[in-house]
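Enquirer: pasting the sequence and the predicted coordinates here, then a few questions.
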Amino acid sequence: MLASLSPNRTTYKAQRHERITLPADYHSIVDLVLKELKSCSKRLQVSLTAYDGELKILERIYYKGKNQHQSALFWKRIAEMRRYSRRVERLQLSTLLDEIRLTFFRESSTKLLKSPWTHYPDEGYIRATSGQLSLYSALLQKVHHKMQDIFRFNLLLSGAFVHLILTVLSVASRIGLLASELRSVVVDAKSTLFSLDAIYRPSSSATAELHLVDIEADRGSKESPFSAVYPPTIPRIVPVVTVRPSEVAEKSTTTREARPKKKKRNEIDEIFSM
């Protein structure tokens, strides 16, 4: 199964087009794409840091017990767990996301990522990269399921090396969760790249909507980051009130008549009021 999910990077080289060749109406789409890719990159860094820590623990367990437990049944599970976990490390997901973001600039320098974009990649590169992300997503899902199988496998039947086995099960659980988080980032990045179809083929909006539905089904119930690009327009109903001039005059006259007039005071009233 691992052979069919090769992590080897696609050799397709991006052809950069200058920003001035893209109509101004589509600049906002590229802005949103870069914003979402930056968010994916930050999430990826957090998950990969935690993943690297778990992998170091697994490597230490493997090399300390390799000679002693190599013939044990549970050790075969640990070796399988290590093989899948190292496969994810070789994907270099963080490097791939940086490469995608750098195709929107004139040079492949990470210093330019904070500056405004000046170029955009060709359609062939986006499609090749999306295909690579699909393979990575499948591999991460496989790793997640494999860690679940190892966690559920009753390694404690032998009753020996309980402390070691509990540690391995704990690492398997955390690696499985992190693989699921990494896959979520990969699927989000793929969804983000697909929104660029509006640049290359403006007439394919209907196809893009259908494809986004498939991506949402792949991610689950998570909301698409591009759901706010085309917000639904809701008509506002404002009541129109017409007031006749005669009615206004009649109401104002009635109000004045209903108000009693104050009686004028004379000299006698002034004396008795003292």
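Expert: Perfect, thanks for sending it.
Enquirer: show me what the helix or strand containing residue 58 is packed up against.
Expert: Using DSSP states H and E, residue 58 maps to helix 27-69. Applying 3 or more C-beta pairs under 8 Å, 6 or more residues apart in numbering; DSSP states H and E, one finds that helix 27-69 contacts helix 73-89, helix 93-102, helix 162-194, helix 197-200. All C-beta atoms are positioned from the backbone trio N, CA, C, and that covers glycine.
Enquirer: taking those together, which one is wrapped up most tightly?
Expert: Mean neighbours per residue, mean count of other C-beta atoms under 10 Å, is largest over the helices and strands packed on helix 27-69 for helix 162-194, with a mean of 20.
Enquirer: and the angle from it to helix 27-69?
Expert: 160 degrees (axes from the mean of the first three to the mean of the last three C-alpha atoms, to 10 degrees).
Enquirer: which strands or helices does helix 162-194 pack on?
Expert: helix 27-69, helix 73-89, helix 93-102, helix 123-152, helix 205-219.
Enquirer: could I get the helices and strands packed on helix 27-69 as a markdown table with distance to residue 113 and mean pLDDT?
Expert: Below are the helices and strands packed on helix 27-69 laid out as a markdown table (distance: least, C-beta to C-beta, whole Å; pLDDT from 0 to 100):
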| stretch | distance to residue 113 | mean pLDDT |
| --- | --- | --- |
| helix 73-89 | 24 | 88 |
| helix 93-102 | 6 | 94 |
| helix 162-194 | 15 | 92 |
| helix 197-200 | 20 | 88 |
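Enquirer: for residue 62, which of the ones you listed is the nearest?
Expert: When these are compared by C-beta to C-beta, helix 73-89 sits nearest residue 62, at 5.4 Å.
Enquirer: only alpha carbons, please: show that closest one as CSV.
Expert: Presented in CSV, the C-alpha positions along helix 73-89 are these (Å, rounded to 0.1, in the frame of the first residue of the first chain):
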residue,chain,number,x,y,z
LEU,A,73,4.6,-10.0,18.4
PHE,A,74,4.0,-6.5,19.7
TRP,A,75,7.3,-5.4,18.2
LYS,A,76,6.1,-6.1,14.7
ARG,A,77,3.3,-3.6,15.4
ILE,A,78,5.9,-1.0,16.6
ALA,A,79,8.0,-1.5,13.5
GLU,A,80,4.9,-1.0,11.3
MET,A,81,3.9,2.1,13.3
ARG,A,82,7.4,3.5,12.8
ARG,A,83,7.4,2.8,9.1
TYR,A,84,4.2,4.7,8.5
SER,A,85,5.1,7.6,10.8
ARG,A,86,8.4,8.2,9.0
ARG,A,87,6.6,8.2,5.7
VAL,A,88,4.6,11.3,6.7
GLU,A,89,7.8,13.1,7.8
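Enquirer: one step back: the helices and strands packed on helix 162-194: lowest mean pLDDT?
Expert: If you rank the helices and strands packed on helix 162-194 by mean pLDDT, helix 205-219 sits at the bottom with a mean of 47.
Enquirer: quick one, which of the helices and strands packed on helix 162-194 is nearest to residue 14?
Expert: helix 123-152 (3.9 Å).
Enquirer: which strands and helices sit next to that closest one?
Expert: Counting by 3+ C-beta pairs under 8 Å, 6+ apart, helix 123-152 packs on helix 73-89, helix 93-102, helix 162-194.
Enquirer: isn't residue 78 right up against residue 167?
Expert: No - under the criterion of C-beta atoms under 8 Å, residue 78 is not in contact with residue 167, lying 10.3 Å apart.
Enquirer: now for the closest residue to residue 136 other than its chain neighbours: which residues touch it?
Expert: Closest residue to residue 136 apart from its sequence neighbours, by C-beta to C-beta, 6 or more residues apart in numbering: residue 186 at 5.2 Å. Each residue near residue 186 by C-beta atoms under 8 Å, 6 or more residues apart in numbering is listed here: 93, 133, 136, 137, 140.
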